[in-house]
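K.L.:
turn this into a structure:
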Amino acid sequence: MRIGELSRETGVAIPTIKYYVREGLLPAGRLTSPNQASYDAGHVRRLRLIRGMIDVGGLSVSAVRDVLAAVDSPEESVHKVLGAAQEAITPRTAAAPEGMEEARRTVAEVIRRRGWRVGPENPSFEKLAVALATLRGIAHGDFEEVVDDYAEACEQVAAADLAWAGRNAEVDGLVERVVVGTVLGDAVLSAMRRLAHVEASARRFESLAEGAGAEGAGVEGAGGR
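P.N.:
Numbers count the residues shown, from 1 in each chain. Below you'll find the predicted structure:
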């Protein structure tokens, strides 16, 4: 297909497609004449992958480039590619709050208790420490009491992620699915958590309000008699 057809197929504007080619995110089309290039289903898939990471995953073009470089490195193990993808998509904290050393010790202890094979060089180690230090700084340090519950839930999510990715026996496809699951899975998990919050809130707090209302009605009834 020509670039106009590629644009219509994916919904990505022609100038944007050309920009992705210049930036190395999208392979150039096959030249059919000095001013014409041909594109195929591989370009459609790559464009949709790029837009998904930008629009849904919230990644910058620079981060997408790093992620795609990992996807396009089949000589690396899936485990190393996942690490490279996480490195690319985990934002760095501009300023660290007070209490970081204690928070880092807490994170290291959680990792030790869970038996996770990950070290402090992982960007998410520091990101978690920043979050815990911030919670302590605003007098919500007791949140750490539920950190192990979070860790257990995340183990189940991670197992589900990789089980899904492993359904594709092709190595290249497996790498892509692991990376896509990491990037877009964050968006799924965040949205699903909020939906679950609404349900948990309804079960926990609306039932309390209904109970209080029933007691109030009983008191009023007794006074009326």
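K.L.:
helix or strand with the lowest mean pLDDT in the chain?
P.N.:
Lowest on mean pLDDT, DSSP states H and E among the helices and strands of the chain sits helix 207-224, with a mean of 52.
K.L.:
which residues does G185 contact?
P.N.:
Contact partners of G185, counting by Cβ atoms under 8 Å, 6 or more residues apart in numbering, are V157, D161. Every C-beta, even on glycine, is put in place using the N, C-alpha and C of the backbone.
K.L.:
all strands for the protein, in order.
P.N.:
For the chain, the strands defined by DSSP state E cover 30-33, 36-38.
K.L.:
looking at these, spot the one closest to G141.
P.N.:
G141 sits nearest to strand 36-38 of all the strands of the chain, at 58.1 Å, using Cβ to Cβ.
K.L.:
can you tell me what sits against that closest one?
P.N.:
Under the contact criterion Cβ under 8 Å, 6+ apart, strand 36-38 has outside partners M1, R2, I3, A28, G29, R30, L31, T32.
K.L.:
give me the number of residues near the last one?
P.N.:
Okay, so that is T32. 10 (other Cβ atoms under 10 Å).
K.L.:
columns pLDDT on top of the contacts of strand 36-38, output as CSV?
P.N.:
Converted to CSV, the contacts of strand 36-38 look like this (pLDDT from 0 to 100):
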residue, pLDDT
M1, 89
R2, 92
I3, 92
A28, 91
G29, 91
R30, 91
L31, 87
T32, 87
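K.L.:
report the buried members of these.
P.N.:
Burial of the contacts of strand 36-38 was assessed by neighbour count (16 or more other Cβ atoms under 10 Å); the buried members are M1, I3, G29.
K.L.:
and the residues you listed, which of them are in helices?
P.N.:
Using DSSP state H, I3 are the members of the buried ones among the contacts of strand 36-38 that sit in helices.
K.L.:
what would the buried ones among the contacts of strand 36-38 look like in TSV with distance to I89?
P.N.:
As requested, the buried ones among the contacts of strand 36-38 are exported to TSV (distance: Cβ to Cβ, whole Å):
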residue	distance to I89
M1	31
I3	29
G29	28
